[in-house]
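Colleague: predicted model and sequence follow; I will ask about them next.
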Amino acid sequence: MPFSFLNPWLWLGAAAVAAPIWLHLRRKRQTNLFPFSAVRFLEDQPQPRRSPLRLQDLLLFVLRVLAVLLIVAAFAWPFIKGINTVPIRESRVYILDNTLSRQVDNGFIRDRDRVARDLRAAGPDVQVAVVELTSTPRVLVTFGEDHQGAEQRIEKLQPSFQRGPYLAAFREANSLLANSLGETKRIFFLGDNQENQWSENANTPPFLRNVQLDLPPTSTRALPNLALSDPRVQRIFLGDKSLVHFTARLTHSGPAKTAMVSLRANGQAIFNRPVDLDNQPETILLQAQWEADPASWLRGEATLEATPDVLPADNHIFFSLAPVIEGKVALLAQSPYLRLALSPDIMRGQWSTHLLDPANLDSELSADREADVLCIESGYLQSSQARKLVSRYLSEGRGVFLVVNRSTPAVDGCLRELGFEPEGTVRTEADAPEKFQFVFSNHPIFHPFLSPDYGNLMEIRISEFVRLKPAQALPLVFSENGAGLFFQGTKSKGKLFVAAFGLDREHTSWPIHQTFIPFLDLTLQAARAEDPTPTSFEPGQLGVVQFSGSAAGAREAALREDGRELAHVVVDHGQAQFRMPDRPGIYEVTGGDRGEVQKLLTVNPSPKESQLQFVAAPEAIKTWRVERPGENAKPALSPARAQVRLAGVLQQQLWWWMVLGGLAALLLEMAVAGARKEGV
């Protein structure tokens, strides 16, 4: 077979062989000379001069010459014509969008089959890599892999329910192309050009240089779709009843007039009724409530049926709720309504109340009582022990519910330390009290009151309150005149809730309103230290589960579905990390010595995947491209042909063997020279 070199003129470097020849043939000078005053006592033993034309060390000479010749030959780029010298004409990266929205009209199946066909048809002059876009983009096929094996791997892919970032997928593809050999570098994006995906990273600095992009043709019209999302469940106690309050959002677009919604919990049907969509807003809040055993786990699901609907995969959501664990509240208040509301007759099973003695707070500070929440009236803050008690609860991460029923200089100073600036007491006329005008309904305390079954908060009247300016707090309730009436502090480690008025008849009508008991229970629940583990995840999301109580010392944990183990991990410092399954559902986390259920995790699709609006020419692509004048101009030397031939040379083993041989000769020469030096 003909043997050739890509750059034969580099063989001029072989003249470097003269260096080892000169080193071996030059006359050796004696450097270890010692002067003597007289030499008559030395024997006359003259040494004959060595011939300058005689090699001193033949092995070292051969190794040095061989190393120089191999390195020079490697830089001349040798190759054997006809063996793997096909130039790499093009390097391609396919971004295969496998998010939930791509299930519309079996879009992912078509894209998957196209990638498999292109792999089958790609010749030896085309490099192909595939990046799958899911919650975390991953490289399915790398450059240089066997096309047949890669094709079989692609054909096994199934549609997912995940959501992933376009930007991360394009960065992964760009990094692959940066190390590719093709003269032309291209990215084929096989997706749906979802509008909210492109807009999320529109301001990213440019990073695509000398890369051609192929985007799919996309219609800009919105497709008809209905979806369920954002399930939320809370337990509400009304008297001796334990109710579950459920909300979810139904979004719809298109000509559908009605939708059938079904709700099931713990295997029982809660309701199954039609929802009118005609002349309704795009997002409808669904609500339901039912009685449930507070000591049992709650597992539920909601489904939706309607036509036309191009994405049925987002019509099913899941929810779960842990059993109630009785909390402990320390109460320092004179309000008879607070004392009655927190009495065992009303809060048994929910809250155990410990009444504090204001004259014996020193013993409370030194005692080892661990209440979850401190409920205190501001009048007691004139005592330094009461102020220390509030500070202790907040610094330890426990909750405080402060009722500002009195304003004094000592109380005002304590409020300033908590992040509030008192601005005096407001007393309204008897016939013109303040009313609730705005309530932050998305907060866990007030979210259940979206349902009229728990009462109307707009009926609450406030006759006297302390005007508070929040420096480090979030207002949750405003009056008609814009005054803040209820706040959540943001300064401390523990949760602080502050009512700007007293909870008695002199200040408000709230204690005799039907919303008072649910409000008080929800406030204490919100103030209680929360479990840091979220219970709702998206498919493919990475989640950390925190173990507490008797399971905190568990060494291993498992993720299960219907008794089948999906993942098994090691627990490190009371934490276990799981990759959530791809399919929506309810999953158990077991741990501890007996493998008991510690958590219920729900996996639901991202509501953003249900927004089926698309763009044909994304602005983000223009931002991501690196556009510099003259960057794409052809170089004066070594045109595209040389680059392609160089890629062909790198595919052969001959060049690599020469490089390795040269390095091996240098290493062996160093070893031999070192041994010679030690032997002298």
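Modeller: Thanks, I have the structure now. Note that the structure is a prediction, hence the values are computed from the model and not measured.
Colleague: pLDDT at the nearest residue to Asp504 once chain neighbours are set aside, what is it?
Modeller: Closest residue to Asp504 apart from its sequence neighbours, by CB to CB, 6 or more residues apart in numbering: Ser335 at 4.8 Å. Heads up, the C-betas are built off the backbone N, CA and C, glycines and all. We have a pLDDT of 94 for Ser335.
Colleague: how much space between Ser335 and Ala527?
Modeller: 17 Å (CB to CB, to the nearest Å).
Colleague: what number of residues lie near Glu459?
Modeller: Glu459: 13 surrounding residues under other CB atoms under 10 Å.
Colleague: please enumerate the strands of the stretch 51-200 of the chain.
Modeller: Ranges of strands in the stretch 51-200 of the chain, per DSSP state E, counting those that start in this stretch, are 78-80, 90-97, 126-133, 138-141, 184-190.
Colleague: SS state for Asp293?
Modeller: Here Asp293 is recorded as coil under DSSP: H, G, I helix; E, B strand; the rest coil.
Colleague: need the CA coordinates for stretch 272-288. CSV is fine.
Modeller: The C-alpha coordinates for stretch 272-288 follow below in CSV (Å, rounded to 0.1, in the frame of the first residue of the first chain):
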residue,chain,number,x,y,z
ASN,A,272,-66.9,13.3,39.8
ARG,A,273,-68.5,16.2,38.2
PRO,A,274,-68.4,18.4,35.0
VAL,A,275,-66.8,21.8,35.1
ASP,A,276,-68.1,24.5,32.8
LEU,A,277,-65.4,26.1,30.7
ASP,A,278,-67.5,28.5,28.6
ASN,A,279,-66.8,32.1,29.3
GLN,A,280,-64.4,31.2,32.2
PRO,A,281,-60.9,32.5,32.7
GLU,A,282,-58.0,30.5,31.4
THR,A,283,-57.1,29.3,34.9
ILE,A,284,-59.8,28.0,37.2
LEU,A,285,-59.2,27.2,40.9
LEU,A,286,-60.7,23.8,41.8
GLN,A,287,-61.6,23.3,45.5
ALA,A,288,-62.9,20.4,47.6
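Colleague: any idea how far that stretch is from the chain center?
Modeller: Distance of stretch 272-288 from its chain centroid, counting by CA atoms, centre = their mean, to the nearest Å, is 32 Å.
Colleague: same check, this time on stretch 527-543
Modeller: Chain-centre distance of stretch 527-543: 12 Å, with CA atoms, centre = their mean.
Colleague: what are the buried residues along that stretch?
Modeller: Using 16 or more other CB atoms under 10 Å as the test for burial, stretch 527-543 gives 527-528, 533, 535-541, 543.
Colleague: quick one: residues contacting Arg120.
Modeller: With contact taken as CB atoms under 8 Å, 6 or more residues apart in numbering, Arg120 is in contact with 147, 151.
Colleague: now do 10 Å
Modeller: If you count contacts by CB atoms under 10 Å, 6 or more residues apart in numbering, Arg120 has them with 147-148, 150-151.
Colleague: tabulate those residues in CSV, adding columns for distance to Met260.
Modeller: Output for the contacts of Arg120, formatted as CSV (distance: CB to CB, whole Å):
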residue, distance to Met260
His147, 48
Gln148, 47
Ala150, 44
Glu151, 42
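Colleague: any of those buried? List them.
Modeller: For these, buried by 16+ other CB under 10 Å: 147, 150-151.
Colleague: let me know the closest of those to Gly424.
Modeller: In terms of CB to CB, no member of those lies closer to Gly424 than Ala150, at 74.6 Å.
Colleague: I'd assumed Gln127 was in contact with that closest one.
Modeller: No: counting by CB atoms under 10 Å, Ala150 stays clear of Gln127, with 11.5 Å between them.
Colleague: mutual contacts of those two, please.
Modeller: Counting by CB under 10 Å, 6+ apart, the residues touching both Ala150 and Gln127 are Thr142.
Colleague: of the buried ones among the contacts of Arg120, which is the nearest to Val570?
Modeller: Comparing the buried ones among the contacts of Arg120 against Val570 with CB to CB picks out Ala150 as the nearest, at 33.4 Å.
Colleague: ok, and the closest non-adjacent residue to the closest one?
Modeller: Nearest residue to Ala150, sequence neighbours excluded (CB to CB, 6+ apart): Val141, at 4.2 Å.
Colleague: and the one you found, how many neighbours does it have?
Modeller: With other CB under 10 Å as criterion, Val141 counts 24.
Colleague: give me the buried positions along stretch 498-512.
Modeller: 498-504, 507-508, 510-511.
Colleague: tell me the domain boundaries of this protein?
Modeller: For the chain, automatic domain parsing gives the domain ranges 3-29+52-84+652-679, 90-220+614-624, 225-322, 327-527, 536-603.
Colleague: report the mean confidence score over the first one.
Modeller: Throughout domain 3-29+52-84+652-679, pLDDT has a mean value of 63.
Colleague: can you check the last one too?
Modeller: The pLDDT scores in domain 536-603 average 87.
Colleague: can you get me the start-to-end distance on that domain?
Modeller: Domain 536-603 has an end-to-end distance of 6 Å (CA to CA, to the nearest Å).
Colleague: dump the C-alpha coordinates for stretch 460-468 into PDB.
Modeller: The C-alpha coordinates for stretch 460-468 follow below in PDB (Å, rounded to 0.1, in the frame of the first residue of the first chain):
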ATOM      1  CA  ILE A 460     -63.600  40.800  60.300                       C
ATOM      2  CA  ARG A 461     -63.700  44.200  62.100                       C
ATOM      3  CA  ILE A 462     -60.800  45.900  63.800                       C
ATOM      4  CA  SER A 463     -61.500  48.700  66.300                       C
ATOM      5  CA  GLU A 464     -58.000  49.200  67.800                       C
ATOM      6  CA  PHE A 465     -54.600  48.300  66.500                       C
ATOM      7  CA  VAL A 466     -50.900  49.400  66.600                       C
ATOM      8  CA  ARG A 467     -49.600  50.900  63.400                       C
ATOM      9  CA  LEU A 468     -46.500  48.900  62.500                       C
END
